[in-house]
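1. please work out how this folds:
(one chain, ligands or ions: 1)
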Amino acid sequence: MFKSPRALVLAAVAVLLSATALADPAVVVPASSADALAVMRSGNILWAVGQLLALAIPFGFLVSGLGSRLRATCGRIARGRWFWTLVLFAGAYLGISALITLPLDFYGGFVRAHAHGWSHQTLPQWLVGEGVQLLVRLIAASAFLWIPYLLIKRSPRSWWLYGAVALVPVTFFVLVGLPVWVSPLTTHYKPLDDTQLGSKIHNLAARCGVSSIPVFVGGDDTTVVGLGPTNRIVLQSDLATVETPDQIEFTIGHELKHYVMDDNWKALAIIVALLLTGFLLADRLGQAAIRRFSLRFGFSDLSDAASLPLIALIFTGYWLCVVPLFNAYARHIEHEADRFGLELTHQNHADASIFAHEVQMGAPAEWDGFFLFFRATHPSRGDRIRFANSYAPWEQGLASVYAAECTSASPSPQ
Ligand SMILES: [Zn+2]
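-> This next block holds a predicted model:
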């Protein structure tokens, strides 16, 4: 049924009242600049080329027989010792892969990053960073790769299950250790020494039942890293200059969601699920490919170190298939962190203006289809601005979604 004119007028007045109850007017979503759209498109192309290379390199190793020849050489150098053959082969494979991708990495990570003012590293600094990353990969491969290969040898039928289970504590260890041992190798972190900001964070955290929260400053990303004992909030080093105190309050509220709701544990659970399914696929598809192409590959058993490119190819292909799902889930988590931050701080205008400002500074307001599907781990800035403009259940005295986790900024008087 249609409502009477009087009811309509009353409804309109109620809407107006609730709108004026918001402290500030809605923030308009600025239009993306032509440059922002061009950068997103060229970034998409770079990303796609990177993924194609990640598929083409192991494919090339397999079909050219280079993999099996390289493994034979490594076997001779290691005098047939199984573990060292695997370590040498993995090292050679990772080293050659890094050399092949170096021009693309150099263009994307140095030339393009400097052209757009994203990076001010000198060439030697950039090269050292690349070297450290390769070194970390080499150490990780040497430390852990023998686990699945030993399992393939011992238990050819169910190695994939044992392998995934065995890598759970390894993944846990990496996630716990990353912020403490790996990240400080390339970025300098220091404890937060801004006492005013420190007490603001402390008060927000206390409202969510967190009595003490480690906060570090460094790098160019504000995020929550670590797991369990190493869980910490990292504030980007220039946060105080790029955000107003109100915006910082919202940003901290957003990050607290990741901390309070154990989002990094959810990440661990997803990694475990991906490992299980990835290993299963590596086994089934790997065995099938070997049965068919063993002559061309130059090896006839998955336990052969030369199968590493085959397993890498399957894992990369699998990852490309699931990355749209992974991104959609990550966007959901980030959207909920925005909701959490708004409920905790009521800084709607400050939240929206963070992203409006980023668009005015040259970031895209909306994702294009390719970016949304393959690359976007966060909602677009336009979506985040629109959400901040419209989400305020406390204005109507409605319950907050995260009322059980934290006490609200200013509880409605009832
Ligand atoms: Zn977040």
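
2. pLDDT score for the closest residue to residue 226 other than its chain neighbours?
-> Among residues not flanking residue 226 along the chain, residue 179 sits closest, at 4.4 Å (CB to CB, 6 or more residues apart in numbering). From N, CA and C alone the C-beta is placed, and that goes for glycine too. pLDDT, residue 179: 76.

3. same question for residue 23.
-> 56.

4. do residue 219 as well
-> 85.

5. that one belongs to a helix?
-> No: judged by DSSP: H, G, I helix; E, B strand; the rest coil, residue 219 forms no part of a helix; its state is coil.

6. contact partners for the residue nearest to residue 226?
-> 225-226, 230, 232, 234 (CB atoms under 8 Å, 6 or more residues apart in numbering).

7. cool, and residue 399?
-> Residues near residue 399 by CB under 8 Å, 6+ apart: residue 393.

8. did I read that right, it in a strand?
-> No: secondary structure of residue 399 (three-state DSSP): coil, not part of a strand.

9. any idea how far residue 192 is from residue 213?
-> Applying CB to CB, to the nearest Å, the value for residue 192 to residue 213 is 10 Å.

10. also residue 161?
-> As judged by CB to CB, residue 161 and residue 213 stand 38 Å apart.

11. quick one: the residue nearest to residue 226 is in a strand?
-> No: under three-state DSSP, residue 179 sits outside any strand and is assigned helix.

12. the strands in the stretch 51-200 of the chain, which residues?
-> 190-191 (DSSP state E, counting those that start in this stretch).

13. quick one: the helices in it?
-> 66-77, 82-106, 112-115, 123-144, 146-154, 159-177, 183-186, 195-207 (DSSP state H, counting those that start in this stretch).

14. now do the last one, average pLDDT.
-> Pointing back at helix 195-207 there. So the average pLDDT for helix 195-207 ends up being 89.

15. other SSEs contacting it?
-> Under the contact criterion of 3 or more CB pairs under 8 Å, 6 or more residues apart in numbering; DSSP states H and E, helix 195-207 touches helix 245-260, helix 308-345.

16. mind listing what's buried in the longest one?
-> Going back to what we said before, that points to helix 308-345. 308-318, 323, 327, 330-331, 333-334, 336-345 (16 or more other CB atoms under 10 Å).

17. same check on the first one?
-> Neighbour-count burial for helix 245-260 flags 246-260 (criterion: 16+ other CB under 10 Å).

18. residue numbers of the protein in contact with the ion?
-> The chain has residues 334, 337 near the ion, with proximity defined as CB under 5 Å from the ion.

19. where in the chain is pLDDT low?
-> Across the chain, the ranges flagged by pLDDT under 70 are 1-23, 409-414.

20. which SS state does the most centrally placed residue in the chain fall under?
-> In the chain, the residue lying closest to the centroid (CA atoms, centre = their mean) is residue 377, at 7.0 Å. Three-state call for residue 377 (three-state DSSP): coil.

21. from here on, count from 42
-> Sure, I'll start counting at 42 from here, so that last one is residue 418.

22. wait, it touches residue 368, no?
-> Yes: look at residue 418 against residue 368 with CB atoms under 8 Å: they come within range, at 5.6 Å.

23. so which elements touch the strand or helix carrying residue 329?
-> According to DSSP states H and E, residue 329 maps onto helix 304-338. Applying 3+ CB pairs under 8 Å, 6+ apart, we find helix 304-338 packed against helix 75-104, helix 200-218, strand 264-266, helix 349-386.

24. at 6 Å instead, please
-> In terms of contacts (3 or more CB pairs under 6 Å, 6 or more residues apart in numbering; DSSP states H and E), helix 304-338 is packed against helix 200-218, helix 349-386.

25. report the buried residues of it.
-> 304-305, 308-309, 312-313, 315-317, 319-320, 322-324, 326-327, 330-331, 338.

26. quick one: distance of that helix to the chain centre.
-> 21 Å (CA atoms, centre = their mean, to the nearest Å).

27. closest residue of the stretch 92-241 of the chain to the ion?
-> With CB to the ion, the shortest gap between the stretch 92-241 of the chain and the ion falls at residue 220, namely 15.7 Å.

28. distance of that residue relative to residue 257?
-> 8 Å.

29. joint contacts of these two?
-> Residues touching both residue 220 and residue 257 (CB atoms under 6 Å, 6 or more residues apart in numbering): there are none.

30. hang on, the earlier thing: who wins for neighbours among the contacts of residue 220?
-> Among the contacts of residue 220, residue 275 has the most neighbours (other CB atoms under 10 Å), with 24 neighbours.

31. list the strands paired with the helix or strand hosting it, with their directions.
-> For residue 275, the host element (DSSP H and E) is strand 273-276. Using DSSP bridges, strand 273-276 pairs in its sheet with strand 256-258 (parallel), strand 264-266 (antiparallel).

32. okay, these in CSV with distance to residue 214 next?
-> What follows is the strands paired with strand 273-276, written out as CSV (distance: least, CB to CB, whole Å):
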stretch, distance to residue 214
strand 256-258, 20
strand 264-266, 15
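
33. CA-only coordinates of stretch 351-360 in PDB, if you can.
-> Extracted in PDB, the C-alpha atoms of stretch 351-360 (Å, rounded to 0.1, in the frame of the first residue of the first chain):
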ATOM      1  CA  LEU A 351      56.300 -29.300 -12.400                       C
ATOM      2  CA  ILE A 352      55.100 -28.800  -8.800                       C
ATOM      3  CA  ALA A 353      55.800 -25.000  -9.100                       C
ATOM      4  CA  LEU A 354      53.800 -24.900 -12.400                       C
ATOM      5  CA  ILE A 355      50.800 -26.700 -10.800                       C
ATOM      6  CA  PHE A 356      50.900 -24.500  -7.700                       C
ATOM      7  CA  THR A 357      51.100 -21.300  -9.700                       C
ATOM      8  CA  GLY A 358      48.200 -22.400 -12.000                       C
ATOM      9  CA  TYR A 359      46.200 -23.400  -9.000                       C
ATOM     10  CA  TRP A 360      46.900 -20.000  -7.200                       C
END
